[in-house]
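A.B. asks: Got a predicted structure here, sequence first:
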Amino acid sequence: MPTFADHVIASLKASGVRRLYGLPGDSLNGLTDAIRRDDGVDWVHVRHEESAALAAAAEAGLTGELNVCVGSCGPGNLHLINGLFDAQRSRVPVLAIAAQIPGSEVGSGYFQETRPQELFADCSVYAEVVTSPEHGPRILEMAMRAAVERRGVAVVVVPGEIFLGKTGRDLAPTVVRPARTVVRPDDEALSEAAALLNDAKRVTILAGAGAAGAHDDLVRLAETLKAPVVHALRGKEYVEYDNPYDVGMTGLLGFASGYKAIEEADTLLMLGTDFPYRQFYPRDAKVIQLDIRGEQIGRRTHVDLPLVGSVRDTLPALLPLLTVKSGRKHLDEALAHYARTRRSLDALAVNDRERTPIHPQFVASTLDRLADEDAVFTVDVGSPVVWAARYLTFNGRRRLIGSFNHGTMANGLPHAVGAQAAYPGRQVVSLSGDGGLTMLLGELFTLRQNRLPAKIVVFNNGSLNFVELEMKAAGIVNYATELDNPQLAEVAAAIGLWSRRVERPGDLEDALKGAFAHEGPALVEVMTARQELSVPPAVTVEQAKGFTLYAIRTILSGRGEELLDLVTTNVSRRILH
């Protein structure tokens, strides 16, 4: 008769799970022993449970399949919480198995006692406690089903002794696979949308991650409406490639052409996006928003017509109702503006006559050129995500993973762990900041221990760079943001990774080629310019005032050389180009 732990592993395996991410602990002994005795499921031993959850989130985001992370009782499962928030906000199916203290001790203030079902309530679609081995299989099945169908985090809390308890009967493994559905608005709503779009003179499309699987129909829609397509960051990998109507991004990470295409529209069609920044929406346009989750329609801007459905299911029904537009003025102006913007951005992504420190645009552009055609990129929050958004290009085969909704530091390396575990033969590249890498530096040991050949490219500018930019925009003198780093390439070498430190632009390409050619994990540390500005496409009056105050206060603080470095890094180079 199987133990509950045996049933858990058999059910996960039958449902397509191939690995669990976590750290062992005494409250998990029953579960880890069941994994040891089963040759169909692997244990990916990470160095911090937050990384386990982030790794599971990355794999779930790439595969669309259920993935699993594990935490021992008390502090072990508490460490999961940040990674689970990332998974929940990214809407990927993750099951978290949170061990608990002995059931007989709950409520007694026992060693390491917490209440995980309450702690995880805000970052899950389901969180329940298993009260007995006989009760466990039903809770497990409901949790797996909730994670898969609601595309979120489900938490199963299990007192350690229950893993070792017998289920009471020989149970067949639970098999949970996603149900196949078609979700689109009804015919009346589609007709209303078609009427608004047919009457519009200047339509702009804003497409996000919800456009996955709808690329060709999206391009046909843009051709029919003569509409420029602006993509949100999470939509970049699905929307940008093979799309003659794409005009880039808007928002804090975007650039002027995307902002202009939306600002000048008389009708904005939002497809599968919850783009959060209200200041980048048009002031007077009519807005149609299509989303699979009706509850988030209208959260960011006024919406004239709400539509509930998936982009993939809705566009084939909408397209036949639309009249092909002949006027291209709005589209052509947006495309021309994008071409100018793209040239300006690319002009900054060059070897600036061997000047140092190296401009991060050049690093991202070189990385984009050298990486495989099916590479998986993971990106840290902060300045690396800016350069990824502006300089990585996609082709329908490359993938992009990041903490784009939750915005946690240190996600790049743990996401790379999950991506590489999912695709052991595929090139995985993390664009990591020095702050993010050092926050979860222990996961370099995870790469070594699990023989995961991920490549880590570190943008080392000696600072919490994006925080400094935010301080500048708020008129605050930079403070407490400097990072006194060792040579991170030497740290990686001591751990056993292939590594190089790049201080001159001319050495970058050889270092990246060496890392990519190496069969095991590798790290390239690139010394990048601390004062490089990533200016948003529209600067508000408040931001302009903030930069002015920052300049005045920096000079008055006796740090005029910092301001001179800022001008030299940005203004003079842009004038030359």
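C.D. replies: Thanks, I have it.

A.B. asks: who's the spatially most central residue of the chain bridged to?
C.D. replies: With distances taken as Cα atoms, centre = their mean, the residue of the chain nearest its centroid is G402 (2.1 Å). Beta-bridge pairing of G402 under DSSP bridges involves V379.

A.B. asks: my read: it touches G382, true?
C.D. replies: No - contact criterion Cβ atoms under 8 Å: G402 and G382 do not qualify, at 10.5 Å. All C-beta atoms are positioned from the backbone trio N, CA, C, and that covers glycine.

A.B. asks: sorry, back to before: mind pulling up the pLDDT for the residue nearest to the centre of the chain?
C.D. replies: Looking at G402, its pLDDT is 98.

A.B. asks: low-confidence ranges in the stretch 401-550 of the chain?
C.D. replies: Judged against pLDDT under 70, the low-scoring parts of the stretch 401-550 of the chain cover residues 534-550.

A.B. asks: any chance you could map the strands in it?
C.D. replies: 428-433, 455-460, 498-502, 522-527 (DSSP state E, counting those that start in this stretch).

A.B. asks: Helix, strand, or coil at D332?
C.D. replies: Under DSSP: H, G, I helix; E, B strand; the rest coil, D332 falls in the helix class.

A.B. asks: try the one 10 residues further on
C.D. replies: Following three-state DSSP, R342 is assigned to helix.

A.B. asks: Ok, V155 next?
C.D. replies: V155 is classified as strand under three-state DSSP.

A.B. asks: in what helix or strand does the closest residue to it other than its chain neighbours lie?
C.D. replies: Excluding the flanking residues, the one nearest V155 by Cβ to Cβ, 6 or more residues apart in numbering is A127, at 4.0 Å. Under the criterion of DSSP states H and E, A127 resides in strand 126-129.

A.B. asks: Give the partner strands of that strand in its sheet and their orientations.
C.D. replies: strand 153-159 (parallel).

A.B. asks: C-terminal to the strand it pairs with, which secondary structure element comes first?
C.D. replies: Strand 153-159 is succeeded, C-terminally, by helix 160-163 (DSSP H and E).

A.B. asks: for that following helix, the distance to its chain's centre please.
C.D. replies: On the basis of Cα atoms, centre = their mean, to the nearest Å, helix 160-163 sits 34 Å off its chain's mean C-alpha point.

A.B. asks: repeat for stretch 449-468
C.D. replies: Its chain's C-alpha centre and that of stretch 449-468 lie 15 Å apart, by Cα atoms, centre = their mean.

A.B. asks: And for stretch 422-432?
C.D. replies: 14 Å.

A.B. asks: now swap in stretch 174-186 and tell me
C.D. replies: 24 Å.

A.B. asks: okay, that stretch in PDB with CA atoms only?
C.D. replies: Coordinates of each C-alpha in stretch 174-186 appear next as PDB, following Å, rounded to 0.1, in the frame of the first residue of the first chain:
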ATOM      1  CA  THR A 174      -4.200  11.200 -10.300                       C
ATOM      2  CA  VAL A 175      -3.900  12.500 -13.800                       C
ATOM      3  CA  VAL A 176      -4.500  16.300 -14.300                       C
ATOM      4  CA  ARG A 177      -4.100  17.800 -17.700                       C
ATOM      5  CA  PRO A 178      -5.500  21.100 -19.000                       C
ATOM      6  CA  ALA A 179      -9.000  21.000 -20.500                       C
ATOM      7  CA  ARG A 180      -9.300  22.200 -24.100                       C
ATOM      8  CA  THR A 181     -11.700  25.200 -24.500                       C
ATOM      9  CA  VAL A 182     -12.700  27.900 -26.900                       C
ATOM     10  CA  VAL A 183     -13.300  31.300 -25.300                       C
ATOM     11  CA  ARG A 184     -14.500  34.300 -27.300                       C
ATOM     12  CA  PRO A 185     -17.100  37.100 -27.100                       C
ATOM     13  CA  ASP A 186     -20.600  36.400 -28.500                       C
END
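
A.B. asks: Let me see the mean pLDDT of it.
C.D. replies: The predicted model gives stretch 174-186 an average pLDDT of 95.

A.B. asks: what's next to stretch 351-365, contact-wise?
C.D. replies: When contacts are defined by Cβ atoms under 8 Å, 6 or more residues apart in numbering, stretch 351-365 is touched by residues 345-346, 348-350, 383-384, 387-388, 390-392, 431, 457, 459, 461, 502-506, 508, 526-530, 532, 569, 573.

A.B. asks: And the residue nearest to the centre of the chain, how far from F255?
C.D. replies: G402 is 18 Å from F255, where distance means Cβ to Cβ, to the nearest Å.

A.B. asks: go on, T32?
C.D. replies: T32 is 48 Å from F255, by Cβ to Cβ.
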